[in-house]
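1. Sequence plus predicted model, see below.
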Amino acid sequence: MRRLKILTWHIHGSYLNTLSRIDHDWFLPVKSGRPEAYGGRGPTFQLPEYVYEVPVAEVPQLDLDLILYQAPRNYLEDQYEILSDAQLRLPKIYLEHNTPRPHPTDSQHPVDDPGILLVHVTQYNRLMWDTGRTPTRVIEHSVALNGAVNYRGELRRGLTAANCIQQRPRIAGYDIFLQARERVPLDIVGLQSEAFGGLGDIPYYQLHQRMADYRFLFSPMRHTSLPLAVIEAMTLGMPIVALATTALPEVLEHGKSGYLSCDVEELYTHMQHLLDDQQHARRMGEQAQRVARERFGLERFVRDWNVAFAEVIGVPARRLEG
C-alpha cells in the first residue's frame, strides 16, 4: 500500500513531534503571519522531511487520504474554510488531547458523529467525556527523544515544564507552582514562563538536555490530560512529583516511580527528600524509565496509530505495515 497523505494542524508541538515519526506524508496548513494552528513546522522542532508546510490557498489541490483534527476549531470552523468539497468527504479522525471542559463528567464532546473515529490519549479521558454516538479508542502517549540524553540530576532543584500555565491557572496549577516555589528550589520552563521568573521557551531539541540536569520534575496540573512533560521526564529516567489526579495514578506507583498525592504539603516533603538524597532520586528515576519504556514506547505508538488509520480508510492494518 502507498504511503498515506494526512492533513493536520499544528496544535500541540510536542505531540506533533512524536506523531510525525509515523512514516506517512504529513501536511500542515500555514497562513500569513502563522497564527495559532497555522504555524506549520514551527521553529523549535526538528521534524522529519516528510512533514510539509502548505499555504492554505493550495490545500484544496492536495490529493489527501485522511484528515486529522486536533482541536474544536479544526472541526467546527477550519475544515470548512480550507478544505475542498471532496476533501470534506475523506475519512476523518479527531484526536482529543484534553480532559472534558467545562464540566469533568457532563461535557458533551464537540464531535457527535458515527462516521468519525475519536482518539483519546488516556483511558481517563475516554471515561469522562460524553462522546455520544462517536466511536472511540485510546492511543496512549509516546515521545520521540534523543536516546543519547539521560537523567543526571546533578542540579539540586526541581523543574516544572508547562506552556502558558498562567493562562489556565486553576486547571494547570499555576497557584500550586507559585506556592511550591516558595518552599523548595523550583524552576519552570515553557512559553510565557519568563513573565514570572521562568526560563521561557527552550527549543525542543535542547529542552531535554536541560531537563536532565534537574533532580526531579514537578507536575502541578489539577485537571489536564496526562502531561507529555511527565512522559518525557520518565523516559529520561527522571523521578516525578505530581498531583494524584486524572490519569497519573494509573501510570506512576507512589513511592516507586514517583510521588503522588492530593496533599500538596506532603508533596513538599517528598520534593525535599529527593533534593537531599540524590541516589534515592536516581533509583526512583530508573523505575520511572522502565515504566516509560514498557508502556510509552514509540514502536507501540506507531503500531496503534497505523491500526487506527487502517480502520478509518478501510484497509487491513497488515497492509499499512508492509
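-> The structure has been received and is ready for your questions.

2. Export the lengthiest helix in the chain to CSV, keeping only CA atoms.
-> Across the chain, the helix with the greatest residue count (assigned by DSSP state H) is helix 278-295. What follows is helix 278-295 as a C-alpha-only set of coordinates in CSV (Å, rounded to 0.1, in the frame of the first residue of the first chain):
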residue,chain,number,x,y,z
GLN,A,278,20.4,12.1,45.0
GLN,A,279,20.9,8.3,45.0
HIS,A,280,17.3,7.8,46.0
ALA,A,281,16.2,10.1,43.2
ARG,A,282,18.3,8.2,40.7
ARG,A,283,16.7,4.8,41.8
MET,A,284,13.2,6.3,41.5
GLY,A,285,14.0,7.7,38.1
GLU,A,286,15.3,4.3,36.9
GLN,A,287,12.0,2.8,37.8
ALA,A,288,10.1,5.6,36.1
GLN,A,289,12.2,5.0,33.0
ARG,A,290,11.3,1.3,33.0
VAL,A,291,7.6,2.2,33.1
ALA,A,292,8.1,4.6,30.2
ARG,A,293,9.9,2.1,28.0
GLU,A,294,7.3,-0.6,28.6
ARG,A,295,4.2,1.5,28.3
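
3. Contacts only, for the closest residue to Met284 other than its chain neighbours.
-> Leaving aside its sequence neighbours, Met284 sits nearest to Pro239 (CB to CB, 6 or more residues apart in numbering; 4.0 Å). All C-beta spots, glycine's among them, are computed from the backbone N, C-alpha and C. Residues in contact with Pro239 (CB atoms under 8 Å, 6 or more residues apart in numbering) are Arg215, Phe216, Leu217, Ser257, Gly258, Tyr259, Leu274, Ala281, Met284, Gly285, Ala288.

4. where in the stretch 51-200 of the chain is pLDDT low?
-> For the stretch 51-200 of the chain, applying pLDDT under 70 flags no range at all.

5. mind running it again at 90?
-> Low-confidence segments of the stretch 51-200 of the chain, defined by pLDDT under 90: 146-148.

6. in it, which spans are helices?
-> Taking DSSP state H, counting those that start in this stretch as the test, the helices found in the stretch 51-200 of the chain are 72-73, 79-82, 85-88, 123-128, 169-172, 174-183.

7. Please convert the ones you listed to JSON lines, extending it with distance to Ala310 and mean neighbour count.
-> Below are those laid out as JSON lines (distance: least, CB to CB, whole Å; neighbours: other CB atoms under 10 Å):
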{"stretch": "helix 72-73", "distance to Ala310": "26", "mean neighbour count": "16"}
{"stretch": "helix 79-82", "distance to Ala310": "22", "mean neighbour count": "14"}
{"stretch": "helix 85-88", "distance to Ala310": "20", "mean neighbour count": "11"}
{"stretch": "helix 123-128", "distance to Ala310": "20", "mean neighbour count": "17"}
{"stretch": "helix 169-172", "distance to Ala310": "35", "mean neighbour count": "16"}
{"stretch": "helix 174-183", "distance to Ala310": "41", "mean neighbour count": "17"}
